[in-house]
Structures are given as structure tokens and as C-alpha cells.
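Student: Have a look; sequence and predicted model below, questions after that.
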Amino acid sequence: MNPVLAIVAPFLAAFTIPLFFVFRKKWVGTAVILFGVLSALTALFVAAGGEAVTVMGGWQPEVGIALVVDSLTTAFLILASLGFSASLSAAAETFGYGPWRFYVLFFLSWAATNGIILTGDLFNLFVFFEIFSVAAYLVVAYPPRSWQAIEAGFKYLIFGTVGALFLLIGIAYAFMATGQLNMAILARVLPRAPEATLSVVIGCLVVGLFIKSGTVPGHFWLPDAHSSAQTPVSALLSGVFVKVSLYALIRLAFLLFGSADDRVFFVLLLFGTVTLCLGHLMAFQQEDIKRLLAYSTVAQVGTIVIAIGCASSGGVTAAVYHAFNHMAAKMGLFLVSGVLAEDRASRDIAQMGGLFRHRPLFVLAFCLFAASIAGIPPLNGFMSKWFLLVAAAERGALIPAAAVVAGTVLSAAYYLRPITAFFGPAETEPPHHRPHPVTGAIVALLALLCLVLALAPYIGPLKEGLLAVGRDTVNGARYIERVLR
Amino acid sequence: MTDPISTTLTALAAVMTVPAALYGWNAARSRLYRLLPWLFLLFAWQAITAPNWLVFVVFLELSSLTLFFFVLSKDRETAFLYLYSQLAGGACLLLGTALAARGGALPAVGAVPPGLFPLFVIGLGFKAALPGLHFWLPPTHSKAPAEASALLSGYAVKMGVFGLMRLVEAPSPALMAAGVVMAALGALQAPLQRDAKRLLAYSTLSQLGFIVASVATGTEEGRKAALLLIVAHALAKGLLFLTAGSLEEAYDTRDLGRLGPAARDYPLLFGLFLVASLSLAGLPFTVGGLAKGAVKAALADHALTQAVLSAAGMGTTMALAKMASFGFLSSGQRKGTGRPRPLPPLAWLSMALFAAALVMASFAALKTAGAEVATKNVLVDSLLLIGAVILFVRLPRIFRPDRTTPDVADLLAPAGRMLTIPLSRLRRLHSGHLTFYLALFFGATLVVLYLLRP
Amino acid sequence: MLPISYGTAIVVFCIGLYTILSKRNLFKTVIGLSLMEGGVLMLITSSGYVPGGVPALLPFAGGEPVNPLPHSFTLTAIVIGAADVALALAFIIKIHRRYGTVDIDKIRGLRG
Amino acid sequence: MRVHRNLQRLGALGLSLALGWWLWQGVTISPFQGITGPAARYIHGTARDTGAANVVAAILFDYRGFDTLGEASVIYTTVCGVALLFAKRRYRRSSHGLSFIVKRGMALLVPFILLYASSIIVMGHLSPGGGFQGGAVMATVTVLFCVIYGSSFEAARVSPKVKETIESSGALLFTAIGLIGLVTGGAFLTNSAAGFPRGMMGHLVSGGTIPLLNIAVGMKVGAGLSTLFYSMVKILEDPTESSPPEV
């Protein structure tokens, strides 16, 4: 299947839903579901199709825009389609189909996500990042009635625009130095650029991606946005959006920056460690459960950045594996805490006493996800952290490794606070008991996914796939050769 | 791995868990709590028989987690203190394991590269309450439910010692010094406590000192002696904690200043207490006495250590004498006049099980040791025992249970405050001020550019 | 010639940056962002300069054309920047409705 | 307080100068010798590959047409988002516009503005201009209507749904052309290789898909910007907004 279809399918959805609204209002819901299924299936088929390179307009890769599918792309396409499908189902249950514009934005961000993952062209990456970010600011600000949402959306907008500017500067300097934009060609010619230019290119791209992914100096938008957005959106932000930026970081780090010796990876290790510590320490102090989860996401981003900074195939494997684990667990956590917060009409942890008797299954799922994120063995979070520790030890990065381990302790501690509250005595019984069949089903599926991921190192094909991602990604020459064949 | 150490400890786990589970059966708040001891048993078995350090750490942490929930059912803050300290230890161990696994294969439970030895000792030190890392032990033991204290003191800390036993294959002076300090510290603190369970907790610390010092010799003999003392201490301390728990159950207090003459109300309880404390104090021909003799024999080359340990043994005796005197014998200043609550049959059953195990262990130990070893130091040991009791009787002012002593727990609150200052600084950094955020970001950009400079 | 062009671009960028960092009015923040973007776009466009070049419209009358690729980027980036600015202004309108002010020091509902 | 502000300014100045210095360091002063790489291909191959006279338009809509789809989608996203932000509010008629003379003058002008916009759009492959520029010019008509006839004039005549339809159709048209290229030419947005007529260079019908894509983008941008403007006008006139919260 042609990779471009994975981008076009959600685009078609976004362009068609307004027409349905204008002409056949009743069909909007059906259309949203059908397009969701279509988009997910297309992406999965593209992922299943194996390695492929296609150039828009039938030109050579140098002239046109290339789309590249390799094992890293495959992994993230699967991650994105799982995350988007889960979020779409939850959103359909939470919002209904009335706010059709929300779904337009949703599909646009989906298309842009697939575009970022697939593209092999630096400027095209920037364009897709912009669609993705603009849609993200807006879904964060939905519904526009709440002031938190507006403020969070605005802060995200300013930060995201600054990040996009830095990406643009990096791309501009790369272009000024070489006249090329295709990433495979750039990987060949960029090392010949003057050292000073190279440092600006790398610095600006790294910093831009720091903002987009929520690594420390650019993380300020993240807790605001994650905690103020609606539940399905928070789940999406944490599960997919952050990961996409990390995908770009992995791709660029090994393709373009790998040539600039170890300084880049040192920067990644440094900022990853700072991010990790800050995220855990801030999460430790939160009273608002969604803010706690948001800061925990910051910390997990730091973990993944450290994994990338290990600059080895083991590190990339750990990063991708951890991205999957975090997606499954954090989406689940956000969905469950959304349901529980709605029952108490408050996101304050202190208010959440005794919810175990009220919603036992959701609370148990919360415990599973929290244990997974915190890295309680033998769950999936522990497995990926172990991979990471081994990779870090191989690189000799002792301080980051120690930070990861210390972070595990802290996260176990702060996740136990809501859990003990849930199992504690209730002050009042919740007033209503709205059933959440769809959310419940998604949470169950995510829990199942967590368990399957925990077994991934023991399942032959999955393990092979994960290791192959690391091997192929680190080997930049292979990518270049495949694109320019 | 199967060798005498793991076989013995596997059996000991079962012997400890069954009475503890029976004791807590009625007190359990929900059915889930009844499961906890069995979960603990399962995890402990896995940890003891673990093939490599990773599996060991994993199951060690899981067993700590079950005990955390136990403690949580009674005291929230103590539970979290326990959890943090145990997780910190587990983190050190995990890090050490990851570093040792650099070659690829997981490191087997045993000696580790010399560079990583301190990391492992610190990690296991949190579990085994090495001095400085023992801050969690007195509060946790005193505030946990009795059956959890029994498991904690009887078995959980021993798992850390088990790790040390595997780790130490050569004499380690530092570890021996740590053991001596522990023994002395515990023996000094225990007789001065007024909380019955806290007293027992410090006595545990002192006994752990004996064990650690013995392990630190790095010889086979030392390990065997340590193993014997582990068994002796586990059974005796398990029974002691259950009796202390029964006292609390009956009189609603653990304060030795307020406990009455329980021997009048519960003569049987006093009998059980005597069985356990005599063994713990090292009465000749009991398993405790034999174990202490073995430890001293293992430490034959270290005269100073031996001397300190003998003195520490007297401290243990004095502490137990204090508990007997103020908890069971003296009329005390007890205020309440109501009849003490009757104890449930399951509690009696569980204590009887412990006592039976203790007696059987004594017979078994006597048989294996032989009459010659058993009678070797009878005179000296008895003299020490009696001397300690006489000292206790002659110096009533020191041991009066109406005062508190400086304690490691006093440091916890200021330490907590110290820790929260940087945390709140960090929180103030997230002031919601967009310009400030952006300035920080641009500053960081400059740092990145500087780090990437040609 | 070219260094002056690059220099101007960077100066514009710095002015934008200074505006963002020193002004408290949200509108000025957005203006600063636009300035920064303008600086970057000037930089890109300058890089396509060829001495004596003509516009890239066929047929090229009177010489070598300039590099058309930066022009097309600039067009794309301008549109994207305009979209960002429009969105930012919409947000500011909303924020002004909610907070009654556009002072960045006062819009601090989310913190900690 | 004043010292604080001045310090802040000083810090801001220092930061921006430092960053500017780094950027200046990175500038590679010498432009690359001659034009190489893809740019050379664009300059020398446009006539042969696409048949368009405007090389920039050929890059935008053919060689790198996928970027343009993305770029148009950014506008689409913004429009949709601003409409979402200001959703579900009827806007009220606030003014009756300017005087009769201005209204008549405007009425005479509108056809010419539209004509000018259309010419920019359809001649995009021949001369500077194109869908974005033409669309923007077209959207100025909305602004003029609002200023001169009062804010409710246009909404009363051109339903928002019509604009919505035009916008979406433009986007769909773009995608459909791309998909035709995929089916007949083997790759998304294939131009002449997919059978679109290349035509005579310099004629109106030339450049294969480029004018078609220009029209699609023109529809998308024109209708989109118009919606954007009206969404913002709505909020300015809405008195029902709640008071600021206590923060």
C-alpha cells in the first residue's frame, strides 16, 4: 500500500466532515467512526507493508518529497493508530458528535502525525509539525468555555510557535549550508558544512524539538495543557503527541546529528536527566490528579530522551519500547482519572477517597497502569526501564541511570497517594453513577496491551521487531542507501 | 540455588508466615488483608531461591510492598517511610545489577565486581538496617500490626542479610565495624525505650549487628553461625512481637509505663514471653544461646568485636528484663480499671506454634551441635545473663519507663523539612509567568548552543 | 552586500526576541513572534541570492535566475506564520474576555 | 519595582544579543557557488517537466506540492479552530454601515476586486501570484462588506454554510487531484506523468495540475479567511460572555 494513503485518509476525513455537517447532519457520527476505522486500518496496512520509499509526484528523492517507511516508522505508525483510535472512541462517548469541528481538528492532527512519522524531507517535517501543533493548541483549548483551557491553549501556542521558529531556523541554516532538504542527502552532505553552522543547525533543531516534546526548558506548557484539556484529549496528548516529537528527535539525532560526534548525545543525556528529575519532583507535590499525571509524563519524556542519548541500538530499542509502554499506561491513567474525577466533580486527590467501592474495576485498572508506569516488576514499564538501564550502563552514563532508578522510587511513592486514597474510607458517596461502557472497554484493552507489552521480551516476533528498530535506526547508512537507491 | 542457607531460609519463611497469618486472621480489615502474608511468603521464597540479582531485587521489592500494605492498614505515615526506605534500597540494588550486567548476562546472586560492592552493600543496608540506614526500623516495627512486625523483624530484614551473606566472600572489616556499631547501638537504645514494640525493634537491631558481624568474617563458619542466629532470632522475636501485640490488644497500650501486671491476667502469655526472651537472651542450651556461642566462635580472631558483642548481649537481656518487669510483673501506674479484653483463640494458637517451633529448634540445634559445644561456655554465658539481670535490678532509675530518649526518629521531621525547601523552590519556578518561562527557555537554548560549540 | 542582508535579518530576529522578553502586553508578544519569524524568513530569502540574478520566471531574460527554492519556502512559511498569528489573536480576544486584561503578568491562573 | 523592570530589560537584551551572536556565527556567508542540487533541476527542468512559466509556482504546486497541501491545511486548521473557539454564538447586528455614497462606491468596486483575485489565482503558473494570494484578495471583500455595510450584511446574504462548503470542496479537490495522480501516475500529486496536459508554456492552459491546484487553494483560502474574519467579528460583538473568573 502506498504510504501516502496513511496521510491522505485522515485528511479526507477532515475535509469531508464539514460537508456532511452541511448536507447530511445525521451522518456526521457515522462518518466520524467510519473515517476513524479507515484511517487506523490504512496506517496499519502501511505499517504492515514493510519497508518502502515513495516520492511525491514521481520525482527523484532529491527533487520531490520522499516518504519513507522503515522499522522505526512502522513502530510509531502502530503507536499512533492505537492511540488515536482509543482517543477517538473515548471522545465520541464523552462529547457526542455535536462538536463536529473538534473531529475535524482531530483528523487533521492524525494526518499530520502520520505525515511527521512518514516524511523524509526536512521542510515537509516542519510543515506537518505546524499542522499538528495548530490542531493541538486547539484541541487543548476545547471546550472554549473554560478559562483554564484557553490559558493553557494560549501558553501552548506561544511556546509551540517559538519551538516551530527554532525548527525553522535549524532547517534554514541546514538549507543555507547545503542547498538540500532531503534528509538522506542532508545526512551525507551536512557533515561537510562549517562547524559553526552545524552547531547552530543541531542546536536549533534540538531545542525546537525539546519544546514540542516537553523536555525541560520547553516543558512549561505541558502540565498546563495536559491538565486543562478534556480527558480524551489529555490521553491523546500524553499518549501520542509527545511521542511524535520524540520520534522526530530519534530520527534526526541518528540521521543528521550522529555525525557531530558525541556532543549531541551528551546534551540529550543532560537535558533528559534534568527533565526526569524535575518531572518526578514536581509530580510528587501535586494535589490535582491530572497535573500529577502530566508531570509524570514530563518525567517519562525525560526517560525516553535519556534512552535516545545512550546513542546505541539498545537505547533506541528502550526508547521505542518505553514509548509504547507509556502510551498504553498513561492513556489508561488519564481515561480512568477522568471518569473518577467526574464522579467526585473534582480533580483533587484528597476528594477521591473511597472510590474503590464505587468503581472497583476502574480503580483496579488505575493500579495496574500506575504500577506499570512506576516500573513495578514484572510489568511492562519495568521491562523497558531495565532495557534502558542496561543501555545506559553500556554507555557508562551512570548519573542518568541512577536518576532513572531514583525516579522509579519517587514515582512509586506519588502514585501510591491516589491509590491509597481510592482504597481509603469515603466521606460521601458520589451523587451519580454514569456508566462509561466505551471508556471501560478502552481501558480494558489498554490494560491488556500493558500485559502483552510486559511479555514482549519473551515473544519472539515482538522482541525481534523491537531489536530490529534499534538496529536499523542507528544504522544511518542503511537508511540513506535505501532512499537514494 | 539450593544450599543449606536457602533451604533453611525457605523453611523458615513458612514457619514464620503460618503463625503470623493465623494471628492476623481476625484482625484483618478485609479479606484482601488475609492474603497478604501468603503473598509475602510467595515473594520471599522467590527471592531466596533467585538465580540472579535481578530476580532477587524484584521479589525483594514485591515482598516489601506486601508489608507496606500491612503497615498501611495501621499507620499511614510510617508505611510510607518504610516504603521509601525499602524502595531506595531496591533502587541501589537495581542500579548495581544493571551496572553489573554490562556484559550482557545477568549477574548471579553472589560476589559482584569490587567497584560495585559498596553500592550493593548500601542497597542491602537499607533492608538489613545497617547503621545510618536503620532510620526506618524503629518506627516501622513499633507502629506496624503485631503480625507484620513479626514478619518484618523475623524475616524481612533477614532477606537483606541473606543478600549480604551471598555478597560477602572475603573478610570485610568495614562491614564488621558496621555490625559492631549496630549491636552496640541497639543494645544501648533498647533498654531505654518505653514503647514495648520499639524496645523489641532496637533489640532486633542489636541482634542484626551480631548477624552482620558474623557474616562479615566471610568464612563458612561465620555464615553458618549467622544462619543459626537468624533462625533463633526469627522464632524468638516473632513470638515476642506477638506477645507484645497481645498486650496491646488486651490493654490498648504499648506504653510500658502504663501496662499492668499482665502476668496476673494472662499467666500463659507470660510463660510464652519467658520462653522467647530466655532464648533471645542467650540462655545456655537454647537455640539462641547456641547461636550466640557459634557467632562468638566464628569471631574467635576478633577479640574486640567479641567483647563488644558480649556487652551488647547484656543490653538485650536488660531490655527483656525491663519488658518482663514493667509489662508483666510490676503493678505499674495503669489507669484503666476495666477487665482486659480476652484474646482470640487463633492468637493463642499462633503463639503456641511459635513456642513449639522454638523448642523444636533448640532440640535440633543441641543435637547437631553436640554436648561438648553446648556446654563449652555455659558458665560465662550464665554469668553474663545473671549479671545483666542484677544490673537491671540495681539501677532502677535508668530504666524507669517514664522518659524518652533521643532517637533516630527525632531526626526524621527536620530532615523532611529540609527536603521540602528545594521542592517548594522548584514549585515556585512554575509560576505561570509566560515571559519568565520563555526567558528560561532562551537561556537553556544558549546553554545547548554552548555545549555544541565547535 | 550579502552580509548586510543576513545581518539585518538577524537584527530583526533579535528585536523580536527582545520584544517578547521585555513587553508585558500580549499583543506585543505576538508582534515579537511575527518579527522573529520575519527575521528568519529574510534569512531564508537572502540565501537564494545570486549576484545579478533575475526573477525565476520563464523565460529568463538577461541572465541567471536566483534560487527559486527559498522563495517557495518563504511563501509556505509566511502562510503558516499568518495562521499562527491569527490563532494567537483569537486566543488573545478570548483571554481578554475571561481575564479582562492583556497583561501577561496577570494571566497566571495555571501554576505550580 | 522599577529596578526590577530595568533588570528584566537588561536580561532580555543580553539574551537576545547572545542568541543573535550565535546565529551570526553560524551564517555561511558565501552563497553556494552557482546553483546546484534540486534548485538547478527546478530552474532548468520546469519547462520540460511541468510546462509552467513561474518556477516558484512549479515548485510549490508540483515538485513540492505536498508541502502546499500541508500549508493549506494549516490555514484550514486555523479557520476551523477559530470557528470552534467562538462556536455557537449568533452575532448581532451592531451597525448599519457607512453612508450611501460609500456603499454605492463599494458595490461598483466589488466585481473588479473579485476579477482581480480570480486572475491572480488562475494565472498563478504564469506570473507571480497564485491561490494563496488570490484567495487573500478575495477575502478582503468580506472585510470591506463588514466595514461598509455593517457587520451583519454578508452573513445575511452568504450563509456560513456556503463558505464552509466552498472551503471543504477546495481541500477535497486538491486531494482528489493528488489521488488521480496516484492512480494513473503511480505517485501522489503526479502531474504530467499522470496524463495531465502540459500545454504550451505561457498559455493559460498549461502546467497540467498547477492551475487546478491553484484554484483549489484559492477556494480554500478565500472562503477560509472570510470565515476566520467573521468568527472574530462575532466575538467582539457578543455581550453574553461571562465575567472574568477570580484567579
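Tutor: All right, it came through fine.

Student: contacts and neighbour counts: CA atoms only from here.
Tutor: Noted.

Student: A:Val409 versus the residue nearest to the spatial centre of chain B, what's the distance?
Tutor: Closest residue to the average C-alpha location of chain B: B:Ser153 at 3.7 Å, with C-alpha atoms, centre = their mean. Here B:Ser153 is placed at a distance of 23 Å from A:Val409 (C-alpha to C-alpha, to the nearest Å).

Student: Same question for B:Ser330.
Tutor: The separation that B:Ser330 has from A:Val409, given C-alpha to C-alpha, amounts to 46 Å.

Student: Looking at those two now, which is surrounded by more residues?
Tutor: Set side by side, B:Ser330 and A:Val409 show more neighbours around A:Val409, with 24 against 15, by other C-alpha atoms under 10 Å in any protein chain shown.

Student: In what element of secondary structure is the nearest residue in space to A:Ile131 that is not next to it in sequence found?
Tutor: Using C-alpha to C-alpha, 6 or more residues apart in numbering or on different chains and skipping residues adjacent in sequence, the residue nearest A:Ile131 is D:Val74, 5.0 Å away. D:Val74 belongs to helix D:65-85 when elements are defined using DSSP states H and E.

Student: next structured bit after that helix?
Tutor: Under the assignment DSSP H and E, the closest C-terminal helix or strand after helix D:65-85 is helix D:100-122.

Student: same for the helix or strand just after that following helix, what does it pack against?
Tutor: Past helix D:100-122, further along toward the C-terminus, the next helix or strand under DSSP H and E is helix D:131-149. Contacts of helix D:131-149 with other secondary structure elements, assessed using 3 or more C-alpha pairs under 8 Å, 6 or more residues apart in numbering or on different chains; DSSP states H and E, are made with helix D:100-122, helix D:153-157, helix D:209-237.

Student: Where does pLDDT dip in the chain?
Tutor: Here I'm looking at chain A. A:259-260, A:430-432 (pLDDT under 70).

Student: should've been chain C
Tutor: Applying pLDDT under 70 to chain C flags the ranges C:1.

Student: now swap in chain D and tell me
Tutor: Low-confidence segments of chain D, defined by pLDDT under 70: D:1, D:29-34, D:87-95, D:235-247.

Student: Which neighbouring residues are in contact with the spatially most central residue of it, exactly?
Tutor: Central residue check for chain D by C-alpha atoms, centre = their mean: the C-alpha nearest the mean position is that of D:Phe132, 3.7 Å away. When contacts are counted by C-alpha atoms under 8 Å, 6 or more residues apart in numbering or on different chains, D:Phe132 is found next to D:121, D:214, D:217-218, D:221-222.

Student: mind putting these in CSV, distance to B:Ala225 included?
Tutor: Below are the contacts of D:Phe132 laid out as CSV (distance: C-alpha to C-alpha, whole Å):
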residue, distance to B:Ala225
D:Ile121, 94
D:Asn214, 90
D:Val217, 86
D:Gly218, 90
D:Val221, 86
D:Gly222, 89
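
Student: closest to D:Ala136 among these?
Tutor: For the contacts of D:Phe132, the closest approach to D:Ala136 (C-alpha to C-alpha) belongs to D:Gly222, at 5.7 Å.

Student: Please determine how far the closest residue to that closest one other than its chain neighbours is located from chain A.
Tutor: With C-alpha to C-alpha, 6+ apart as the criterion, D:Gly222 has its nearest non-adjacent residue at 3.9 Å, and that residue is D:Gly135. Counting by C-alpha to the nearest C-alpha, to the nearest Å, the gap from D:Gly135 to chain A is 18 Å.

Student: Would you enumerate the residues in contact with D:Gly135?
Tutor: Contacts for D:Gly135 were tallied using C-alpha under 8 Å, 6+ apart; they are D:117, D:121, D:217-223, D:225.

Student: need the residues of chain C near chain A, please.
Tutor: Applying the criterion C-alpha under 8 Å from any C-alpha of the partner chain, the portion of chain C that neighbours chain A consists of C:33, C:36-37, C:40, C:43-44, C:47, C:80, C:84, C:88, C:91-92, C:94-95, C:98, C:107, C:109-112.

Student: thinking again about what came up before, can you redo the helices and strands packed on helix D:131-149 as a markdown table with mean neighbour count and distance to A:Leu198?
Tutor: Supplementary listing: these in a markdown table, determined by neighbours: other C-alpha atoms under 10 Å in any protein chain shown; distance: least, C-alpha to C-alpha, whole Å:
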| stretch | mean neighbour count | distance to A:Leu198 |
| --- | --- | --- |
| helix D:100-122 | 16 | 40 |
| helix D:153-157 | 14 | 52 |
| helix D:209-237 | 24 | 36 |
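
Student: possible to save the ones you listed as CSV with distance to B:Leu81?
Tutor: Converted to CSV, these look like this (distance: least, C-alpha to C-alpha, whole Å):
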stretch, distance to B:Leu81
helix D:100-122, 71
helix D:153-157, 66
helix D:209-237, 54
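
Student: B:Ala47: which of those helices is closest?
Tutor: helix D:209-237 (65.1 Å).

Student: Contact residues of chain D facing chain B?
Tutor: D:12, D:15, D:18-19, D:22.

Student: which of those residues tops the neighbour count?
Tutor: Most surrounded of these: other C-alpha under 10 Å gives D:Ala12, at 24 neighbours.

Student: ok, now which ones touch that one?
Tutor: By C-alpha under 8 Å, 6+ apart, the contact set of D:Ala12 is B:439, C:17-18, C:21-22.

Student: CA atoms only: put the lowest-mean-pLDDT helix or strand in chain B into CSV for me.
Tutor: Lowest by mean pLDDT, DSSP states H and E among the helices and strands of chain B is helix B:396-399, with a mean of 76. Taking Å, rounded to 0.1, in the frame of the first residue of the first chain, the C-alpha atoms of helix B:396-399 are listed here in CSV:
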residue,chain,number,x,y,z
PRO,B,396,16.1,1.1,88.5
ARG,B,397,16.4,4.8,87.8
ILE,B,398,17.9,4.4,84.4
PHE,B,399,15.3,2.0,83.2
